[in-house]
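In: Sequence and predicted model, in that order:
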Amino acid sequence: MKNTALALLAFTALQILAARAEEKPADKPVPDQEITVASYYFGNYHPSDPRNVKMKGADWSEWELLKAAKPRFPGHQQPKVPLWGYGDESDPKVMAQKIDAAADHGIDAFIFCWYRYDDGPFLERPITEGFMKAPNNNRIKFALMWANHDWIDLHPYKRGTPEKLMFPGTVTPENFEKIGDLLLKDYFSHPSYWRIDGKPYFSFYDLSALLKGFGSVEATRAALDKFRAKAVAAGMPGLHLNAVVWGQPILPAEKVPADPVKLVKDLGFDSVTSYVWIHHYSLPQLQTDYNQARDGYFRYWDGAKDKFGVPYFPNVTMGWDPSPRTAQEDEYGNFRYPFMNTIGGNTPARFKEALELTKQRLLANPNGPRIMNINCWNEWTEGSYLEPDTQNGTGYLEAVRDVFGTAPKTK
């Protein structure tokens, strides 16, 4: 009888274990293999931004450049046509569609290109009115990358004309402190703001412009340390400050720091990353093959992943073609941004392969970071976007979903 009871207990235990095994999805990733996927978001696709109204008129947005784009050389695929139409991203309902699509296809966070100058904001409404008022903004995280570069009037640019500086990217130390207070109050406290180890993620696009505002490395470091201290005083465990690092400039006013590795260390950044492949690989042909650009970037990554002394978050670029930002009647060639070589052959299948290779490279390092970013959710006029178009449908989003799944992974 005793043996029978023991056997029954053992059988019951096996049944419970089997049931639990059935409850666990077979394809659920191992926790240490979960990779956070963030996508940059460029917010110039809405009307009535106050600065754009003064420059371009009340109804203007960068959609107008996309609509006017034409093929400029043999095999050039333009215009790109959004499958969802030319929506107003500052409308919470329009943004809700983007949030759902991102969450359903494995995007964990939007990193908004955030503009703030000495005299106030620019392109802020997609964040404050679109994302932050969207009813489903709890489905993904959001963060800010301070796009603190000079704003040159390139929308569109007539070749050979003087480049007109509209808004300088450098801010004064006094305004930097005010901007930090605003970030802590209005953004970092939001329940959907992306945090790493509990610390709000905040990225700087242009280290040279940041440094210029303070005049020295020491003064810049002191300001960043004060920014961190204010976050702690506000009840946060600190800040995760990230630096976007380039190997070569793209925009007319961009300058590469003399020693970015030393600068990252001296300023105390927590991580470094990249915005787009072409910051690290010069496109050699008018239509450079996508895999060639990918491999060129991977060579940069091989060196970058260890040399900074802090985690490096890699980038996957969907494409590159800034021709919509040029005057369409001008000859197109590799002259100077936005007249420059492009990336071709960037099919959804090849994009998926780049994502798979990036995932493999991340997981190959057991102690390495588990974060990557994508350029871009909606850089339509630079030819790098995940949003559906009439040529490939949702193919690029499906590529992300197929590689990374749909389960939320951010913390």
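Out: Right, received. Where do you want to start? No experiment lies behind these values; they were computed from the predicted model shown.
In: for E379, what are its contacts?
Out: By C-beta atoms under 8 Å, 6 or more residues apart in numbering, the contact list for E379 reads Y40, F42, Y385. From N, CA and C alone the C-beta is placed, and that goes for glycine too.
In: measure it to P338 for me?
Out: Remark: distance between E379 and P338 (C-beta to C-beta, to the nearest Å) = 12 Å.
In: ok, now G296?
Out: Distance, G296 to P338, using C-beta to C-beta: 20 Å.
In: Which one's more surrounded, the two?
Out: P338 (24 against 17; other C-beta atoms under 10 Å).
In: Quick one: residues contacting that one.
Out: So P338 contacts L154, P156, Y157, P322, S323, R325, T326 (C-beta under 8 Å, 6+ apart).
In: Next: N392.
Out: Residues near N392 by C-beta under 8 Å, 6+ apart: T347, P348.
In: next one: G87
Out: Contacts of G87 by C-beta under 8 Å, 6+ apart are Y45, V94, Q97.
In: chain center to stretch 389-402: distance?
Out: 18 Å (C-alpha atoms, centre = their mean, to the nearest Å).
In: May I have that stretch as CSV, with CA atoms only?
Out: C-alpha atoms of stretch 389-402 as CSV (Å, rounded to 0.1, in the frame of the first residue of the first chain):
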residue,chain,number,x,y,z
ASP,A,389,4.9,51.8,-47.9
THR,A,390,3.1,50.9,-51.1
GLN,A,391,6.0,48.9,-52.4
ASN,A,392,6.8,46.6,-49.5
GLY,A,393,3.8,46.9,-47.3
THR,A,394,4.6,45.9,-43.7
GLY,A,395,7.7,44.0,-44.8
TYR,A,396,10.2,45.9,-42.7
LEU,A,397,8.1,45.6,-39.6
GLU,A,398,7.6,41.9,-40.2
ALA,A,399,11.3,41.5,-40.4
VAL,A,400,11.7,43.0,-36.9
ARG,A,401,8.9,40.8,-35.6
ASP,A,402,10.3,37.6,-37.1
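In: Flag every buried residue along that stretch.
Out: By 16 or more other C-beta atoms under 10 Å, the buried positions in stretch 389-402 come out as D389, N392, T394, G395, Y396, L397, E398, A399, V400, R401.
In: Looking at these, spot the one nearest G215.
Out: Checking these against G215 by C-beta to C-beta gives V400 as the nearest, at 42.1 Å.
In: Mind listing residues that contact whatever helix or strand the closest one lives in?
Out: Per DSSP states H and E: V400 is located in helix 395-404. With C-beta under 8 Å, 6+ apart as the test, helix 395-404 has contacts from 35, 37, 101-102, 104-107, 318, 347-349, 351-352, 355-356, 359, 374, 385-388.
In: Just to be careful, could you list which of the residues you listed are in strands?
Out: Among the contacts of helix 395-404, the members found in strands (DSSP state E) are V37, I374, Y385.
In: Quick check: mean pLDDT of the strand ranked longest in the chain?
Out: Of all the segments of type strand in the chain, defined by DSSP E, the longest one is strand 109-117. In this model, strand 109-117 has a mean pLDDT of 98.
In: Quick one: distance of it to the chain centre.
Out: With C-alpha atoms, centre = their mean, you get 9 Å for strand 109-117.
In: What are the buried residues along it?
Out: Applying 16+ other C-beta under 10 Å to strand 109-117 flags A109, F110, I111, F112, C113, W114, Y115, R116, Y117 as buried.
In: Tell me which other helices or strands that strand touches.
Out: For strand 109-117, the packing partners by 3 or more C-beta pairs under 8 Å, 6 or more residues apart in numbering; DSSP states H and E come out as strand 36-41, strand 120-122, strand 141-146.
In: Pick the most buried one from the ones you listed.
Out: Mean neighbour count (mean count of other C-beta atoms under 10 Å) peaks for strand 36-41 among the helices and strands packed on strand 109-117, with a mean of 25.
In: hmm, which of the contacts of G87 are the buried ones?
Out: Y45, V94, Q97.
In: Might one say that K141 is in contact with I111?
Out: No. K141 is beyond contact range of I111, at 9.4 Å (criterion: C-beta atoms under 8 Å).
In: Overlap of the contact sets of these two?
Out: Common neighbours of K141 and I111 are listed as A38, W194 (criterion: C-beta under 8 Å, 6+ apart).
In: Distance to K262 and secondary structure for the contacts of G87 - can I get that in JSON lines?
Out: Shown next, in JSON lines, are the contacts of G87 (distance: C-beta to C-beta, whole Å; DSSP: H, G, I helix; E, B strand; the rest coil):
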{"residue": "Y45", "distance to K262": "38", "secondary structure": "coil"}
{"residue": "V94", "distance to K262": "44", "secondary structure": "helix"}
{"residue": "Q97", "distance to K262": "44", "secondary structure": "helix"}
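In: Show me what counts as buried in stretch 363-372.
Out: Buried residues in stretch 363-372, counted by 16+ other C-beta under 10 Å: P369, R370, I371, M372.
In: cool, and stretch 335-352?
Out: 337-344, 346-348, 350-352.
In: List just the nearest of those to S192.
Out: F351 (26.7 Å).
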